[in-house]
Structure formats: C-alpha cells, structure tokens
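Asker: okay, predicted coordinates and the sequence, questions at the end:
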Amino acid sequence: MTENARYQAEIETVDHHFDENATADPTSTDPNANVGRPRSLAQDAAADLIRNPMFIISAILMVFMLVMALFPGIFTSVDPMQKNIMDSLEPPRDGHPLGFDQQGQDVFARVVHGARASIAVGVLTTIGVVLLGGAIGAVAGYFGGWIDAVLSRILDTFLAIPLLLAGIVVMSMVDHIDLPGLGWLGRNIPTVALMLIVFGWTSVARIMRGSVLQAKQSDYVTAARSMGASTWRIITTHIIPNAIAPVIVIATISLGMFIVAEATLSYLGIGLDSSEVVSWGGDISDAQRVLRTHPMIMFWPSLALSVCVLSFMLLGDAVRDALDPKLR
C-alpha cells in the first residue's frame, strides 16, 4: 500500500468514527456514547436527572399526588363532605380504612380530596409569581436606569412584608369586602392564590433580574442588537431562554412553600372555607380538638401534606443540581 493510499484509509476511518458518534442517542447514559457530539444544557440536565435517584423518587411522589388531586374517584367513592354523627370518631372498618373524624366524616376520603385544593393553590400561585415576578425582573434587568431603580424599590417594599403576615391580614378582610365586581373574593382557591401571588413574586423577580443582567452582556445579545433585532425579540428569543433556568429552580421549590402557606392559613381558620372546600390544613386544625384521644385523625392529613411538600422540595433540589453548572 502506497503512502497516499494509507493516508486516505486513515481519513476514512476517522470520518466513520465521527459518523457513528453523530448518530448516538443524546439521552444515553453511556459516557462514551456522545463523544464528538455537543449537547445542550437541557440535554445535560435531562441526562443528570435520569441518573439522580432523588429526582426519580420525587417525580414518583409528585405524579402520585397529582393523580390523587385530579382523579380522587380512583382512590375513593365516599363523599368527603358527608357527615354522620353516629360515626363520630369510629375506628376503621370496611370501606373506611382510616376511620372517621369528630363530625363523622371519612378521614381517608378527606385526605384524598384535600390534595386538590392544596395543589391547585400551589400551582396557580407558582404560575402567577413566575409570570409577574419574571416580567418585572426581566424589564428591570434589561432596561436598567430609572426603570430598574423604580422597580427595585417596589420589590424592596414587598420584600419587607412577611408573606404569612400579609396572608393573615388580607384573608381576615376578604369576607368584609363588598365592592362591585369583587363578589368572587372570599375564602376560596382563587382568592388565596391571588393573595399569595401579590406578596410572593419578589424572589422570582430578584432571580430573573440577576439572570437578565448577566445574559444581556453576552455576545449573542450584542450580535442580535447589531443586526437590528427589536427589543421584544431580543428579550423573548435570546435573553429569557438563557436566563430562565434559575427561575425554574426557585419556582419548583416555592411551589411547596405556597402549599405550606395555604395549609397554615387554613389551619388558622382564615384560609379555605372548610365547609365548602376540603383542605389538609383545615382538617389538621379540626383534629387538634381530639388530639389526645385520637391522634391518628391528625396524623393522616399531616402525613399527606408532608409527603406532598417533600416531593416538590426534592424535585426542586434535583432540578437545581442539574441546571447549575457550578455543581457539575
């Protein structure tokens, strides 16, 4: 074989090697499967999450809670609001595995149906704070100057107000509000979610502002601006997609905190109306009357609340570890 022929054979071998790597599965767990093919941050995060036992456990728990909230009929056919004083504090029996509370309501049915209210408040509040806080943080970080100064002072003002204290004050007043167009306000899911959004957007705004300040100095933003891209296009196409990762992390963790806030308000008797909505916090509050003689009535809704919050907290930690390059 001549020298030219040998050189051509070596080139073909190298090209064939890279062609094989180019067709590799980007989600493969084999560390050598994707050699020669760069992966995006999302692909790296997905690969890390799949290998993270904490993410798998939290995802299973979260899916279980979501199914219980969306389809409670799968788990029980008993009406959680049905009362029978003859069943007051009765022990478990067929069809009622957790017994009855002081008012003769099925404890298992109330635990299952209580997931809907708590998760609904958490999800609605998280969506609201991401939209509101994300928009304010993005505008403040991108435009800077007096706009940043004004929005930052507003942020500092709301940041100085404790979320739980604000919730207690506002929810104590909603029953006395009698204004046209505000008849829907009350001790219900939309009101609690709106209150938490108004006073809970500050953390997301701070995170988004910092991410946008860092992202707008990147070369791709300068290139887009030099090519005549509009401000709206730069923000939505180039900055937000590259600044949203920390917001996703804080939103996932905050979801569990909002569920706890709703349960706390319901426990204090100023959250969701227990006569209309089944809530874990309300059930915990009612169960404290018979805590010494029947502690399990409080244990079951407390356990459900803890598992629900823990699943979202663990999920947030796993997503943070996957999206934070400093932890790699």
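Answerer: Ah, there it is.
Asker: any low-confidence regions in the stretch 51-200 of the chain?
Answerer: The stretch 51-200 of the chain contains residues with pLDDT under 70 at 178-183.
Asker: please read off the pLDDT at residue 13 from the model.
Answerer: On the pLDDT scale, residue 13 is placed at 44.
Asker: the nearest residue to residue 140 once chain neighbours are set aside and residue 141, how far apart?
Answerer: Once flanking residues are discounted, residue 140 sits nearest to residue 151: 4.1 Å by C-beta to C-beta, 6 or more residues apart in numbering. Yep, even glycine has a C-beta here, placed from its N, CA and C like the rest. Distance, residue 151 to residue 141, using C-beta to C-beta, to the nearest Å: 9 Å.
Asker: same check, this time on residue 85
Answerer: From residue 85 to residue 141 the distance is 59 Å (C-beta to C-beta).
Asker: more neighbours: which of those two?
Answerer: Between residue 85 and residue 141, counting by other C-beta atoms under 10 Å, residue 141 is the more crowded of the two (26 against 9).
Asker: show me the contacts for that one.
Answerer: By C-beta atoms under 8 Å, 6 or more residues apart in numbering, residue 141 lies in contact with 148, 208, 209, 210, 211, 212, 213, 216.
Asker: ranges for the helices of this structure?
Answerer: Listed in chain order, the helices of the chain (DSSP state H) span 3-22, 41-50, 53-70, 107-143, 145-159, 163-173, 189-200, 202-215, 219-226, 231-233, 240-243, 245-267, 280-287, 296-323.
Asker: can I get those helices in a markdown table including distance to residue 95?
Answerer: What follows is the helices of the chain, written out as a markdown table (distance: least, C-beta to C-beta, whole Å):
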| stretch | distance to residue 95 |
| --- | --- |
| helix 3-22 | 59 |
| helix 41-50 | 40 |
| helix 53-70 | 18 |
| helix 107-143 | 9 |
| helix 145-159 | 49 |
| helix 163-173 | 36 |
| helix 189-200 | 29 |
| helix 202-215 | 44 |
| helix 219-226 | 62 |
| helix 231-233 | 58 |
| helix 240-243 | 51 |
| helix 245-267 | 27 |
| helix 280-287 | 19 |
| helix 296-323 | 16 |
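Asker: so which of the ones you listed is nearest residue 77?
Answerer: For residue 77, the closest of the helices of the chain is helix 107-143, at 8.5 Å, according to C-beta to C-beta.
Asker: in contact with residue 211, which residues?
Answerer: 137, 141, 242, 243, 244, 245, 246, 247.
Asker: what sits against the first one?
Answerer: Shown here is residue 137, whose contacts under the criterion C-beta under 8 Å, 6+ apart are 204, 205, 206, 207, 208, 209, 210, 211, 212.
Asker: filter these to the buried ones?
Answerer: Buried subset of the contacts of residue 137 (neighbour count, 16 or more other C-beta atoms under 10 Å): 204, 205, 206, 207, 208, 209, 211, 212.
Asker: so the second one is in contact with residue 148, correct?
Answerer: No. Between residue 205 and residue 148 there is no contact, the gap being 11.4 Å when judged by C-beta atoms under 8 Å.
Asker: give me the common contacts of those two.
Answerer: With C-beta under 8 Å, 6+ apart applied, the overlap between the contact sets of residue 205 and residue 148 consists of residue 140.
Asker: one step back: what's the closest of the contacts of residue 211 to residue 122?
Answerer: Among the contacts of residue 211, residue 247 lies closest to residue 122 (C-beta to C-beta), at 16.4 Å.
Asker: number of nearby residues for residue 289?
Answerer: So residue 289, with other C-beta under 10 Å, has 13 neighbours.
Asker: ok, residue 199 next?
Answerer: Neighbourhood size, residue 199 [other C-beta under 10 Å]: 21.
Asker: can you tell me which of the buried ones among the contacts of residue 137 lies closest to residue 81?
Answerer: residue 204 (35.6 Å).
Asker: please report how far that closest one lies from residue 263.
Answerer: 21 Å.
Asker: tell me how many other residues crowd residue 219.
Answerer: The burial count for residue 219: 7, using other C-beta under 10 Å.
Asker: kindly apply the preceding question to residue 150 instead.
Answerer: A total of 11 residues lie near residue 150 under the criterion other C-beta under 10 Å.
Asker: residue 105 and residue 80 touch, don't they?
Answerer: Yes. Using C-beta under 8 Å, residue 105 makes contact with residue 80 at a distance of 6.5 Å.
Asker: higher neighbour count, the two?
Answerer: Legend: neighbour count by other C-beta under 10 Å for residue 105 and residue 80, higher for residue 105 (21 against 18).
Asker: could I get the phi/psi values of that one?
Answerer: Note on residue 105: backbone dihedrals following degrees, to the nearest 10 are phi -100, psi 150.
Asker: can you pull the contacts of it?
Answerer: Residue 105 neighbours (C-beta under 8 Å, 6+ apart): 80, 81, 82, 83.
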